[in-house]
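> Pasting a predicted model and its sequence here:
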Amino acid sequence: MPEPPFERFLSTPEMLEVFGARALVQAMLDVEAALARAEAAEGILPMAAAEAIAAHCTVEAFDVDVLAAEGARAGSLAIPLVKRLTACVEAHQHAAAAWVHWGGTSQDVIDTAMVLCTRRALALLDAALERLVEATIELAMRHLETPALARTLMQPAQVVSFGFKLVAWAAPLARGRERLQHASHAALQLQFGGAVGTLATLGARGPAVARRLADALGLDDPHGAWHTQRDAWVALGCEVGVVCGSLGKIATDLALLSQAEIGEVAEPTGAGRGGS
């Protein structure tokens with residue numbers, strides 16, 4: 001499914017791929033495969049059934065466009081995915097099909113898949129912020145003595161150094177990176193609770209399955225469902241918004257300082273870029 005053209009203007013190919021339809025579906029299938037194996041390890045279902053389920057948990061076996069259309073009608077992408085996964089398993093090993101998605105619910109699969117995709121996205125963002133902060137500090141060190149005009153309400157005020165201004169760009173990004181790491185730890189956790197969050201279908205073995213599932217996916221086990229508690233998830237989004245605001249402030253400064261009548265900074269030209 002091609003991305004809308006304006007999406008490419010506002011992101012990067014790597015980030016678009018992380019949240020692309022194929023990546024999201026594969027993340028959901030990863031959850032289903034890990035769930036089956038975790039339950040088999042706890043003796044809830046046969047290991048042969050778990051391996052039969054996991055063998056079909058590959059996005060190449062599914063038409064992602066069809067899934068998206070069916071998901072729009074169903075109100076959840078997990079509903080058509082589980083149905084089609086069940087059909088695939090049943091066609092090859094009839095007995096194993098009954099164990100697909102056992103003990104889980106759609107929200108478990110969707111939330112945990114989004115956690116997996118978001119973890120990859122935040123790794124890209126963290127690496128980019130690290131490079132940006134390091135480059136900005138390096139530039140600041142080169143311009144510790146370079147005079148620059150400070151302004152108040154857009155009017156000339158006093159002379160500072162350009163390095164001083166650059167440090168003021170880098171500091172919020174460094175702090176934002178630290179806050180993102182903290183918020184990520186709180187938000188990027190396994191979601192697994194079954195229909196109403198109690199893991200009732202799995203009985204006493206529910207917590208052990210959750211631990212195994214979390215370990216398999218490399219996630220923390222929050223020891224309870226959070227599908228009706230979105231505060232940590234929203235807080236993570238807020239921290240991303242704060243970082244975007246810090247980046248926007250830098251962009252605004254660059255746009256103002258590079259005006260022809262000011263000309264204190266300039267961006268390099270390059271192939272395919274406009275002259276203005």
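The structure has been received and is ready for your questions.
> For the rest of this, base every contact and every neighbour count on C-alpha atoms.
Fine.
> Next, give phi and psi for the nearest residue to residue 84 once chain neighbours are set aside.
Nearest non-adjacent residue to residue 84, counting by CA to CA, 6 or more residues apart in numbering: residue 62, 8.0 Å away. The phi and psi torsions at residue 62 (degrees, to the nearest 10) take the values phi -130, psi 150.
> Residue 22 versus residue 62, what's the distance?
According to CA to CA, to the nearest Å, residue 62 stands 9 Å off from residue 22.
> what helix or strand does the residue nearest to the spatial centre of the chain sit in?
Central residue of the chain (CA atoms, centre = their mean): residue 118, 1.4 Å from the mean position. Taking DSSP states H and E as the criterion, residue 118 maps to helix 106-142.
> next helix or strand past that helix?
Sequence order places strand 147-152 as the next helix or strand after helix 106-142, per DSSP H and E.
> Not counting that following strand itself, show me its contacts.
The set of residues external to strand 147-152 that reach it, using CA atoms under 8 Å, 6 or more residues apart in numbering, is 156-162.
> Kindly present those residues as JSON lines, with separate columns for distance to residue 91 and pLDDT.
Listed next are the contacts of strand 147-152 as JSON lines, based on distance: CA to CA, whole Å; pLDDT from 0 to 100:
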{"residue": "156", "distance to residue 91": "75", "pLDDT": "93"}
{"residue": "157", "distance to residue 91": "76", "pLDDT": "95"}
{"residue": "158", "distance to residue 91": "76", "pLDDT": "96"}
{"residue": "159", "distance to residue 91": "75", "pLDDT": "96"}
{"residue": "160", "distance to residue 91": "73", "pLDDT": "96"}
{"residue": "161", "distance to residue 91": "71", "pLDDT": "97"}
{"residue": "162", "distance to residue 91": "67", "pLDDT": "97"}
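> Which members of these occur in helices, if any?
Among the contacts of strand 147-152, DSSP state H puts residue 162 in helices.
> Closest one to residue 10 out of the contacts of strand 147-152, please.
Nearest to residue 10 among the contacts of strand 147-152: residue 162, at 28.7 Å, using CA to CA.
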